[in-house]
Structures are given as structure tokens and as C-alpha cells.
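Trainee: Just the structure for this:
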Amino acid sequence: MFWCLKIPLHDGLIVELSRTINELLRKVVTADDLGRYVREVYSYPLKTSQVSEPPDVVASDSSRVIKKLSLATVYAIQAVSANISLRESKSCKFVIKCTSGYYIPTLSEVIPEELVIRITQLLSRILEVDSVLEVIDSAEVALFDGSLISFLWGYSSRPLPKGFRSTGYSNFSNLRDVWYEIFRKITEIVKLVKPLFIAKTLRRSYYIDILLSEETPKEIKSEVNDLILINMLRRFGKLPKQPYILQPVYITTDKLPKPLNSLNINLSPLIPMTVTYVAFNHSTQPYQVSIPGVWGVDELVDIISSIYTYSHTGYPDPLRVVHSKSKLSTEEFKYVLYKLGLNSIPTGRELLGEFL
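Mentor: Model prediction:
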């Protein structure tokens with residue numbers, strides 16, 4: 001056991017984790033054997049020489065914590081947006097948006113835990129777009145942490161649970177209302193700036209059919225994703241050493257995941273959207289970027305090159321800043337709950353020595 005490291009992992013779990021990691025590594029190695037199926041992919045260099053003053057940039061991120069008690073689930077969300085400028089005459093401007101609430105199961109209603117998580121995720125997106133609209137000013141570009149699809153995820157006509165409460169957001173009656181608020185405000189943002197949705201983690205793959213030939217067996221295609229193939233190309237030296245973007249793909253409504261692809265809603269001007277991968281630094285993995293609308297290669301290069309000054313370390317610094325300022329830790333959350341008097345509410349775990 002790992003008791004010497006104060007990590008209570010039993011030997012059996014270490015064995016199972018070892019199997020999991022080995023299987024993941026085998027998938028990466030398997031991708032290396034796909035060389036005969038891989039197609040050439042076009043890449044386009046970013047303009048890294050500063051020919052004009054970099055634009056003012058708005059960036060946003062949020063964090064949320066959920067704590068289950070015996071009689072209720074309590075949550076907290078905070079979002080931070082910043083207007084960041086490299087001009088000497090301007091200083092950074094920050095806006096913080098917060099909400100909290102709870103869910104109490106009732107006799108007439110039992111919902112899956114995943115629904116509470118989904119609702120809090122939607123609320124965190126509202127806080128992000130709300131705070132961005134407050135700090136846009138003269139910014140030209142807005143940076144969001146996550147793909148555009150992740151912001152449009154969660155549409156449903158399902159009513160909000162009767163036992164669900166949120167401070168400041170009590171005017172929603174169902175998930176569709178929350179989703180519409182996010183959609184409407186992103187649409188407002190699109191009219192004011194160029195929004196770049198930059199995803200650290202992969203929600204959907206768009207390049208499988210571009211990177212793999214038609215002869216690739218279906219069972220192989222189902223075992224890989226964009227980043228596995230792109231990282232394979234990197235290791236084989238088939239991608240540039242300098243900052244670049246990949247040949248963009250254009251996602252229309254019919255290519256969206258369900259239920260977005262079948263909604264009787266006009267999704268423009270967000271859809272169609274342009275998707276590419278950008279590598280600001282050859283030593284780091286590329287990030288998936290999605291932008292509302294259809295953008296040509298030259299336009300795309302110009303837009304993404306405009307934030308290179310903020311991103312030459314590999315990831316946009318404005319997003320790094322708002323991520324650190326919005327981050328909520330579970331321990332801090334529990335400490336605040338304790339100080340606010342929640343220790344008087346039973347958690348059901350007191351006999352285990354856990355009071356919050």
C-alpha cells in the first residue's frame with residue numbers, strides 16, 4: 001500500500017490502475033501503427049512577428065463546487081472575466097460573478113445526481129457570458145475556456161427540479177430557459193467581438209475523416225480521436241515546428257450532436273462554426289479552437305495570430321489568469337460552509353469523522 005505517501009490506495013486498486021494506464025498507452029502505440037492510413041493534413045503558420053499593436057482581449061472562466069449533505073446538496077459557482085490590454089495606458093479590468101444554491105429532494109420528485117451537475121454547469125456558463133459582456137469595452141477578441149459545443153450543451157425541455165434553488169437566478173422554469181439565456185448572450189458577444197472557444201480537453205472529434213483514409217477499418221476509427229492522431233503526427237515530425245493552425249473544418253447544423261442537430265431553432269449566427277487546432281508552441285499539444293461562423297484560412301490565421309503575443313508560452317495567458325482567479329477548492333468551500341454555520345446541519349457522515 002501507499003501508506004508511506006499518506007495515500008490510502010490498496011494494492012488491488014494499484015493493479016487496476018496499472019491495467020487502465022497500460023491500455024491507454026497501448027491505444028497511443030496502436031495509433032502509431034496507423035501510418036499507412038494517415039492522410040496529409042494542411043497546416044498554416046501563424047504570424048508571430050508583431051506587425052501591429054496586439055488587441056485588447058477579454059477572457060473568462062468559472063469554477064464550481066458541489067457538496068452533498070444528508071438532507072440537501074449545496075453548490076457554489078464563481079466566474080471571473082478580465083479585460084487585458086498590453087497598452088501602457090490601460091490596466092486590467094476584472095468582473096466577478098457568483099451564485100450559490102441547493103437542491104432538496106422532495107417526496108414528489110427524485111432526480112438523478114447528474115441533473116444537478118448539468119444545471120450547475122449551465123449556470124456557470126451564464127455567469128461567464130454575463131461577466132464577459134460587462135468587461136468587453138473596446139476589446140476585439142473574447143477567449144472562452146471550452147468548446148462552443150460545450151457552451152451549447154444541455155438543451156432540454158425538462159423542468160427545473162422543484163427543490164432546486166439558486167441565488168439570483170430564480171426566473172428559470174426549465175433547462176431550456178437556461179440554455180436560451182446562454183445562447184442569446186453568446187449571440188450578443190458575437191456582434192461585439194470575435195469569440196474564440198479554446199478547449200483544453202476533447203469533447204468531440206472532427207478530424208478523423210480528414211486524417212484517416214477511406215480504407216481505414218471502422219474498428220480502428222472508433223478507437224482513436226483527433227488528439228491521438230495529431231500527437232502521432234507530431235511524434236513523426238509531420239507537423240511544423242513553428243506555431244500553426246490546421247486546415248479548418250466547418251460544422252453545420254446536421255453535424256451537431258443530438259439534440260442540437262434536430263432543434264426547431266435558428267442557431268445562426270453561432271452555427272455553422274469553424275473548427276481548427278492551434279499550436280502556439282511546438283512543445284505543447286495543440287488546442288481545439290471553435291469560432292462561430294465560417295472563416296477562411298487567411299481570416300483564421302489573422303484572428304488567431306492576433307493573440308499570439310498573449311500565447312507564446314503555449315496557452316493564452318488571459319485564460320490562465322482568469323482560471324487561477326476563479327478556481328474554487330473543495331477544502332476552502334467546506335471551511336466557508338463551516339464558518340457560516342452549516343456545521344449545525346447534519347451531513348450523515350459524522351460517525352465517520354467527516355463533519356462537512
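
Trainee: Please make it C-alpha for all contacts and neighbour counts, starting now.
Mentor: Will do.

Trainee: Report the contact partners of Ser60.
Mentor: 79-82, 128-129, 131-132, 142-145, 319, 322-323 (CA atoms under 8 Å, 6 or more residues apart in numbering).

Trainee: 6 Å - rerun?
Mentor: Val80, Ser81, Glu128, Phe144, Val322 (CA atoms under 6 Å, 6 or more residues apart in numbering).

Trainee: want to try a markdown table for those, with secondary structure as columns?
Mentor: Formatted as a markdown table, the contacts of Ser60 follow (DSSP: H, G, I helix; E, B strand; the rest coil):
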| residue | secondary structure |
| --- | --- |
| Val80 | strand |
| Ser81 | strand |
| Glu128 | helix |
| Phe144 | strand |
| Val322 | helix |
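
Trainee: so which of these is the most crowded?
Mentor: Ser81 (35 neighbours; other CA atoms under 10 Å).

Trainee: how near is the residue lying closest to that one once chain neighbours are set aside to Ser150?
Mentor: The shortest distance from Ser81 to any non-neighbouring residue, by CA to CA, 6 or more residues apart in numbering, is to Ser60 (4.2 Å). For Ser60, the distance to Ser150 (CA to CA, to the nearest Å) stands at 14 Å.

Trainee: Repeat that for Thr284.
Mentor: Applying CA to CA to Thr284 and Ser150 gives a distance of 23 Å.

Trainee: likewise Pro159?
Mentor: 21 Å.

Trainee: the more surrounded of the two?
Mentor: Between Pro159 and Ser150, counted using other CA under 10 Å, the more crowded position is Ser150 (16 against 12).

Trainee: Just say helix, strand or coil for that one.
Mentor: Classified using three-state DSSP, Ser150 is helix.

Trainee: Tell me where the stretch 251-356 of the chain has strands.
Mentor: 273-279, 287-292 (DSSP state E, counting those that start in this stretch).

Trainee: With mean neighbour count and distance to Tyr250 added, can I get these in CSV?
Mentor: Below are the strands of the stretch 251-356 of the chain laid out as CSV (neighbours: other CA atoms under 10 Å; distance: least, CA to CA, whole Å):
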stretch, mean neighbour count, distance to Tyr250
strand 273-279, 24, 5
strand 287-292, 24, 10
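
Trainee: show me where the stretch 51-200 of the chain has strands.
Mentor: Counting by DSSP E, counting those that start in this stretch, the stretch 51-200 of the chain has strands at residues 57-68, 73-84, 93-103, 141-145, 164-166, 194-199.

Trainee: Report the angle between the third one and strand 57-68.
Mentor: The reference is to strand 93-103. Angle of strand 93-103 versus strand 57-68, following axes from the mean of the first three to the mean of the last three CA atoms, to 10 degrees, is 20 degrees.

Trainee: other SSEs contacting strand 93-103?
Mentor: On a contact count with 3 or more CA pairs under 6 Å, 6 or more residues apart in numbering; DSSP states H and E, strand 93-103 meets strand 73-84, strand 164-166.

Trainee: What pairs with that strand, parallel or antiparallel?
Mentor: Each strand paired with strand 93-103, and its direction, by DSSP bridges: strand 73-84 (antiparallel), strand 164-166 (antiparallel).

Trainee: Can you show me the CA trace of it as CSV?
Mentor: The C-alpha coordinates for strand 93-103 follow below in CSV (Å, rounded to 0.1, in the frame of the first residue of the first chain):
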residue,chain,number,x,y,z
LYS,A,93,-10.3,45.2,-15.5
PHE,A,94,-11.9,42.3,-13.7
VAL,A,95,-15.5,41.3,-13.1
ILE,A,96,-16.6,38.5,-10.7
LYS,A,97,-20.0,36.9,-10.9
CYS,A,98,-21.2,34.4,-8.3
THR,A,99,-24.1,32.3,-7.4
SER,A,100,-24.9,29.5,-5.0
GLY,A,101,-27.9,27.4,-4.0
TYR,A,102,-29.1,24.0,-3.0
TYR,A,103,-31.2,21.1,-4.0
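
Trainee: List of residues touching that strand?
Mentor: Defining contact as CA under 6 Å, 6+ apart, one finds that strand 93-103 is touched by 72-83, 127, 131, 163-167.

Trainee: wait, which of the helices and strands packed on strand 93-103 is closest to Thr48?
Mentor: Set against Thr48 and scored by CA to CA, the helices and strands packed on strand 93-103 come closest in strand 73-84, at 19.4 Å.

Trainee: just the angle between the closest one and strand 141-145, please?
Mentor: On the basis of the same axes, to 10 degrees, strand 73-84 is oriented at 150 degrees to strand 141-145.

Trainee: Could I get the average pLDDT for strand 73-84?
Mentor: Here strand 73-84 scores 95 as its mean pLDDT.

Trainee: what does it rub up against?
Mentor: 56-67, 92-103, 127-128, 131-132, 135, 322, 326.

Trainee: I'd like the strands paired with strand 93-103 as a markdown table, with distance to Phe280 appended.
Mentor: Shown next, in a markdown table, are these (distance: least, CA to CA, whole Å):
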| stretch | distance to Phe280 |
| --- | --- |
| strand 73-84 | 19 |
| strand 164-166 | 39 |
